[in-house]
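*Asks:* coords below, sequence missing:
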């Protein structure tokens, strides 16, 4: 598993874009980057994942740098319900055993 | 996505007893995992539940304390044995259809040992 580094906390104003960074400088060429979030007292929720190309779904966009050493999760219009801990994970190839770090605690403020 | 049902959702247990947690998935999955989340902490992987063979445990977790069964591709159990207050945590089941696909998590079992 590639080690990931995330800021411990971030704030975002409601309605604005939330940009959550993640460093994974030791990632290998075939390891995906996954993002999850955990809202208080709930199980982690899958958000998005990618390998090389940028990805977008109904929840978020994932921007991966060309050298793959970092990525950014973008919530385009953050709401109060997006307040959660966000985890960036890069499991080893062909594995889904997600190993969680401390994540980023995002607080969306009115 | 997969629908995961964990039972019980919460329990309060006496020290020295054991609790078995069930994880049921609505479709067949290749991978099943068990996690622990201690109060105020992130998730820690306990083990990978292997169908038809012994689970693969992470460092710091042993089969005698956390026996795991996985009789088929949709069901697994985790037992927390000889519980102490330090075992008070949320225990979560996770599943994935195969490698390099997203994993999904149950809502967890909140265990309090008194």
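*Replies:* Right, received. Where do you want to start? Keep in mind that what you see is a predicted model, and the values were worked out from it rather than measured.
*Asks:* Just the buried positions in the strand or helix carrying residue A:46, please.
*Replies:* Residue A:46 is located in strand A:45-50, with elements delineated by DSSP states H and E. Residues A:46, A:47, A:48, A:49, A:50 are the ones in strand A:45-50 that count as buried (16 or more other CB atoms under 10 Å in any protein chain shown). C-beta here means a position set from N, CA and C on the backbone, and glycine is covered the same way.
*Asks:* Now the element after it, going C-ward?
*Replies:* According to DSSP H and E, the helix or strand after strand A:45-50 is strand A:55-56.
*Asks:* Give me the sheet partners of that following strand and which way each runs.
*Replies:* strand A:61-64 (antiparallel) (DSSP bridges).
*Asks:* Mind listing the strands the helix or strand following the strand it pairs with pairs with, and their directions?
*Replies:* Once the chain leaves strand A:61-64, the next helix or strand it forms, by DSSP H and E, is strand A:70-75. With DSSP bridges as the test, strand A:70-75 is paired with strand A:18-23 (antiparallel), strand A:61-64 (antiparallel).
*Asks:* Pull the residues that contact the last one.
*Replies:* Contact with strand A:61-64 is made by A:33, A:35, A:48-56, A:70-74, A:76, as judged by CB atoms under 8 Å, 6 or more residues apart in numbering or on different chains.
*Asks:* again, only this time at 6 Å
*Replies:* The contact list for strand A:61-64 (CB atoms under 6 Å, 6 or more residues apart in numbering or on different chains) reads A:48, A:50, A:54, A:55, A:71, A:72, A:73, A:74.
*Asks:* now swap in stretch A:83-103 and tell me
*Replies:* A:1-2, A:4, A:6, A:20, A:22, A:24, A:27, A:30-31, A:33-39, A:104-108, B:31, B:33, B:42-43, B:45, B:96, B:99-100, B:103.
*Asks:* what bridges to the residue lying closest to residue B:58 once chain neighbours are set aside?
*Replies:* Excluding the flanking residues, the one nearest residue B:58 by CB to CB, 6 or more residues apart in numbering or on different chains is residue B:45, at 5.1 Å. Here residue B:45 sits in beta bridges with residue B:35, as judged by DSSP bridges.
*Asks:* From residue A:75, how far off is residue B:45?
*Replies:* 27 Å (CB to CB, to the nearest Å).
*Asks:* returning to what we had before: out of the contacts of stretch A:83-103, name the ones that lie in strands.
*Replies:* A:20, A:22, A:33-38, A:104-108, B:31, B:33, B:43, B:45, B:96 (DSSP state E).
*Asks:* May I see the ChimeraX selection of the buried members of those?
*Replies:* Buried members of the ones in strands among the contacts of stretch A:83-103 can be picked out in ChimeraX with the line below, counting by 16+ other CB under 10 Å:
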select /A:20,22,33,34,35,36,37,38,104,105,106,108 /B:31,33,43,45,96
